[in-house]
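S.K.: the following block contains a protein sequence and its predicted model.
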Amino acid sequence: KAGVTQTPRYLIKTRGQQVTLSCSPISGHRSVSWYQQTPGQGLQFLFEYFSETQRNKGNFPGRFSGRQFSNSRSEMNVSTLELGDSALYLCASNLSGGEIDPGGPLNTEAFFGQGTRLTVV
Amino acid sequence: GDSVTQMEGPVTLSEEAFLTINCTYTATGYPSLFWYVQYPGEGLQLLLKATKADDKGSNKGFEATYRKETTSFHLEKGSVQVSDSAVYFCALENNAGNMLTFGGGTRLMVKP
């Protein structure tokens, strides 16, 4: 079956502009998470959506936002772009909502897309 | 908060050498632990995982054991190949929200 699809793969934007990135999870997966990867900060969690609701949010400014649609596809938006927003943005989908099964392990395995490489000039 | 520390790279080995990449974590409770691999130009792929103490995850010749007493999850492989050259990330998940905390990554370079 198809994997996680992120579009576009590459993007160049100018400071001050805004950008929208898209992520289509694996069919049947209801959870979508977003991560930012930079050489300096590594992989950092942005936010996670499950059934159209944001459940977790990382430590990023309000310029970073996201949403999830009823078909589980997700978008993230960055407004007023800064040079430091240049990064690889990765999306991950999970089958479950990560609910804890009493007495059992966390039921979660993240499948990642290839990422969107954003360059801000 | 939760954190993951892994050895800095790059790690350069000759083909068929033994590999160890150290990973230690700080977390409350009982997190699940993961190793992900990232090939050039690609996203992350799950390599192996362990969900409770003393579990051993294994895949493609790689192994890691969840050691709660030392809060470690070191990655090992007995004989590396050139095709194993990639960046390896140790990660943990400690809540029900599919939020992974990653280490800084270790670049592995295997020479023929």
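M.R.: Received, thanks.
S.K.: contact residues of chain B facing chain A?
M.R.: B:32, B:36, B:41-46, B:49, B:51-52, B:89, B:93, B:95-105 (C-beta under 8 Å from any C-beta of the partner chain). Yep, even glycine has a C-beta here, placed from its N, CA and C like the rest.
S.K.: could you find the closest non-adjacent residue to the residue most central in space within chain A?
M.R.: Nearest to the geometric centre of chain A sits A:Trp34, at 2.0 Å (C-alpha atoms, centre = their mean). In space, A:Trp34 comes closest to A:Leu46 once its chain neighbours are excluded; the distance is 4.1 Å by C-beta to C-beta, 6 or more residues apart in numbering or on different chains.
S.K.: so the one you found is in which element?
M.R.: strand A:42-50 (DSSP states H and E).
S.K.: just A:Ile26 next, same as before
M.R.: Counting by DSSP H and E, A:Ile26 is part of no helix or strand.
S.K.: was I right about it contacting A:Ser72?
M.R.: No: here A:Ile26 does not reach A:Ser72: they are 9.1 Å apart, not a contact under C-beta atoms under 8 Å.
S.K.: of those two, who's got more company?
M.R.: A:Ser72 (21 against 18; other C-beta atoms under 10 Å in any protein chain shown).
S.K.: ok, now how distant is that one from A:Thr14?
M.R.: For A:Ser72, the distance to A:Thr14 equals 31 Å [C-beta to C-beta, to the nearest Å].
S.K.: who's A:Phe47 bridged to?
M.R.: For A:Phe47, the beta-bridge partners are A:Trp34, A:Lys57 (DSSP bridges).
S.K.: got the angle between the least confident helix or strand in chain A by mean pLDDT and strand A:42-50?
M.R.: Using mean pLDDT, DSSP states H and E, strand A:53-57 stands out as the lowest-scoring helix or strand of chain A, at a mean of 90. Orientation check (axes from the mean of the first three to the mean of the last three C-alpha atoms, to 10 degrees): strand A:53-57 against strand A:42-50 gives 150 degrees.
S.K.: can you give the contact residues for strand A:53-57?
M.R.: Residues from elsewhere that reach strand A:53-57, judged by C-beta atoms under 8 Å, 6 or more residues apart in numbering or on different chains: A:33, A:45-49, A:66, A:68, A:97, B:95, B:97-99.
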